[in-house]
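1. Build me a structure from this.
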Amino acid sequence: MTETTPQVAAGKVLWHFTMSLDGFVAGPGHSMDWMTGFTARPGLIDEYVRTTGAIIGGRRGWDAAIDGSPYGGAWQGPLFVLTHHPRDARPADGVTFLDCGVEEAVRIALKAAGGKNVEIFSPSIGRQALDRELIDEIDLHIAPVLLGDGIRLYDNPGGVPIRLDPARAVNVRYRPERTQPSG
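-> Modelled structure (predicted):
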């Protein structure tokens, strides 16, 4: 799959994130304000709205979210929040709080997705699903920003490298924005 191949609804489990160039998917405290002002490929949001049947997120991300509306409210469907403390979670329409293992959460989400894709919006749940070979694709959108701190996409100190297919490097070139005129 190339960077511009459209996503299809095929019952896949996607670990899906916009990520800073230095590997963060959220800033400190799960802040997401850094994500504004970037231009996505035309039609990208509509593509995900159309092909996503269910979403799995984590409790810390849910608690930090301004609202529980993936894709700015354009997507409607079952949202599952994996937590060890479902009783004290902030309830919302269309959100189910699960206290179970990752395998069970993925099974529940796939059934609810009705043949469409399941997206995982959590670094820790994504890592656990990857460790259990439940991820079909890692779908990343690299934003032209360096955060320097926050929540990493993948953190596994002491672990072995995980090779990804296709086994080729992605070349990216950016120029820093200047705050002062050069001269």
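
2. Identify the residues contacting the least confident helix or strand in the chain by mean pLDDT?
-> Here the helix or strand of the chain ranked lowest by mean pLDDT, DSSP states H and E is helix 59-64, holding a mean of 83. Helix 59-64 has contacts (C-beta atoms under 8 Å, 6 or more residues apart in numbering) with 26, 29-32, 68, 81-85, 89-90, 95, 97, 121-122. In short, each C-beta sits where N, CA and C put it, glycine included.

3. What subset of these is buried?
-> Buried by 16 or more other C-beta atoms under 10 Å: Ala26, His30, Met32, Gly68, Val81, Leu82, Thr83, Val95, Phe97, Phe121, Ser122, out of the contacts of helix 59-64.

4. So what's the gap between the strand or helix carrying the fifth one and the chain middle?
-> Counting by DSSP states H and E, the element that carries Val81 is strand 79-82. For strand 79-82, the gap between its own C-alpha mean and the chain's C-alpha mean amounts to 13 Å (C-alpha atoms, centre = their mean, to the nearest Å).

5. what residues does it touch?
-> 54-59, 62, 68, 70, 89, 94-100, 102, 105, 108-109, 112, 122, 125.

6. again, but for stretch 112-123
-> 7, 9-17, 25, 48, 51-58, 61, 70, 77-78, 80, 82, 106, 109-110, 126, 129, 135, 139, 151-155.
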